[in-house]
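S.K.: I would like the atomic coordinates for the input below:
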Amino acid sequence: MSTTVLRIVASYGHQFLGLPLDKRTDTDATAYIQLVTRGKKQGYAVGDWVNVTLTSGNQGAIESIHTRENHFYRSEFNKQKNLAANIDQVAIVCATEPAFSEELLGRALICAEVAEIDVLIILNKVDVLDKLDAARETLSLYPKLGYPLIEVAAKHTESLKAELIPRLAGKTTLLMGQSGMGKSSLINALIPDVQLKTREISSVLNSGKHTTTFTRLFDCSFNGEATQIIDSPGFEQFGMAQFSHSQVQHAMPEFVPYLGKCRFNNCAHIREPQCAILEAIEAGTITENRYHFYLRLVEQLNYYDNARY
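M.R.: Okay, the predicted model is just below:
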C-alpha cells in the first residue's frame, strides 16, 4: 500500500473525498479518492491537506492532517460541524427575500473574527425592490464595523462580474448562508456545469443518491486566476460552544477600543460600575442592538459552561 497527500474536496457526514495535488475538480472529477478515517478520528474539513494510505485504486485511509492555516466551524457541546479549512475568506450570503437572521449573521462574523479569517457580506436578490431598503438598513452598520458589503442579483450576470467575481478571484472562499438566500443560484451562475459536478460527487459519496447536504470545493478560474469556492449547506442555527467570553468580546470590533479600560479587570460589561462598554453605549458609539446581541451570546456561553459541570 502506498501513501500520498490529498486535498479534501467534499464531505458528507463522516465521508470524505480527496484529490491529489495535481488534480482539479473542474477537470479531473474521475480521480476522486473515497476516504475513511482511522478509528474514531474525525474533525476533518473540506480544504484540509491529509496524508493518506491508499487501500485500492480509488479508496484510502486518512492517517494524519497537515498543519492548518485556519479552521472555520460551529459547535454545540460535544457536536462539532466542520465547514472549511485553509481558506482566505468567508462570504456570507444574505438576501432581500426571505428575510435573513441578523443573529446568525452576527454569529458567523464572530467565528470568522476568532479564526482571523476575512469576511465578505453579500446582499443577494437586490432585484426584489420592495424589500431592498429594509435589507440595506439592517446591513448598514456592518461596513462601519469594517466588513465589506456588496450587492448582487444572481439573475443579473453583470452585477456578478462587476461586484462579486473580483472579490473571489485568486482566493479560496467559503460561501455560506441560511437556506433560501439564493446561494445555490449564485453558485449556478458562477460555475458552469455545476449540477453535473454535484452529481459526480453525490454518486461517489452517497452510492448514487442525489444529495445537496454535503460541503464541496470547486476549482475554477476568474479573471485568469486560479480560484476555489467551497459551497456549504444552508444553516438555521450557529452554535458557538467553542468560544470563551473573552474571545467573543475581542471578536466584536466596536468593543475592542474599550476593552481593558473598565474599572474592573474581569468586567463582564453587564452591570458593573465604570464599565467602558456601557459608557460607550450611553454615548452612542456602540449600538444597543449589537450590545443585546452580545448579552444573548453571554447567556448562551454561561449555559454551556454550567452544562459542562
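
S.K.: which residues of this structure score low on pLDDT?
M.R.: Filtered on pLDDT under 70, the chain yields the residue ranges 1, 26-30, 40-42, 195-213, 307-309.

S.K.: quick one: the helices in it?
M.R.: The residue ranges that make up the helices of the chain, judged by DSSP state H, are 102-115, 129-139, 141-144, 157-159, 165-168, 183-190, 194-205, 245-250, 276-283, 288-308.

S.K.: want to throw these into JSON lines with mean neighbour count?
M.R.: All C-beta atoms are positioned from the backbone trio N, CA, C, and that covers glycine. Formatted as JSON lines, the helices of the chain follow (neighbours: other C-beta atoms under 10 Å):
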{"stretch": "helix 102-115", "mean neighbour count": "20"}
{"stretch": "helix 129-139", "mean neighbour count": "13"}
{"stretch": "helix 141-144", "mean neighbour count": "14"}
{"stretch": "helix 157-159", "mean neighbour count": "14"}
{"stretch": "helix 165-168", "mean neighbour count": "18"}
{"stretch": "helix 183-190", "mean neighbour count": "20"}
{"stretch": "helix 194-205", "mean neighbour count": "17"}
{"stretch": "helix 245-250", "mean neighbour count": "16"}
{"stretch": "helix 276-283", "mean neighbour count": "16"}
{"stretch": "helix 288-308", "mean neighbour count": "14"}
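
S.K.: which residues sit in contact with Lys23?
M.R.: Lys23 makes contact with Ala31, according to C-beta atoms under 8 Å, 6 or more residues apart in numbering.

S.K.: burial of Gln80, as a residue count?
M.R.: 15 (other C-beta atoms under 10 Å).

S.K.: if we look at the sheet, which residues does the spatially closest residue to it that is not a sequence neighbour bridge to?
M.R.: When the adjacent residues along the chain are set aside, Gln80 lies closest to Tyr73, with 5.8 Å between them (C-beta to C-beta, 6 or more residues apart in numbering). Beta-bridge pairing for Tyr73 (DSSP bridges): Asn82.

S.K.: I'd say Tyr73 and Lys81 touch.
M.R.: Yes. With the criterion set as C-beta atoms under 8 Å, Tyr73 and Lys81 qualify as a contacting pair; they are 6.0 Å apart.

S.K.: any idea how far Thr67 lies from Ile87?
M.R.: Thr67 sits at a distance of 15 Å from Ile87 (criterion: C-beta to C-beta, to the nearest Å).

S.K.: neighbour-wise, which of the two wins?
M.R.: Taking Thr67 and Ile87 together and counting by other C-beta under 10 Å, Ile87 has the greater number of neighbours (27 against 6).

S.K.: Surely the more buried one is in contact with Gly47?
M.R.: Yes. Using C-beta under 8 Å, Ile87 is in contact with Gly47, at 5.9 Å.

S.K.: joint contacts of the two?
M.R.: Here Ile87 and Gly47 share the contacting residues 172, 230, scored by C-beta under 8 Å, 6+ apart.

S.K.: For beta bridges, what are the partners of the closest residue to Phe16 other than its chain neighbours?
M.R.: Using C-beta to C-beta, 6+ apart and skipping the chain neighbours, the partner closest in space to Phe16 is Leu35 (4.1 Å). Leu35 has the following beta-bridge partners by DSSP bridges: Phe16, Gly60.

S.K.: picking up where we left off before, and the helices of the chain as TSV, adding distance to Ala226?
M.R.: Formatted as TSV, the entries for the helices of the chain read as follows, by distance: least, C-beta to C-beta, whole Å:
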stretch	distance to Ala226
helix 102-115	23
helix 129-139	30
helix 141-144	29
helix 157-159	21
helix 165-168	11
helix 183-190	15
helix 194-205	17
helix 245-250	33
helix 276-283	43
helix 288-308	37
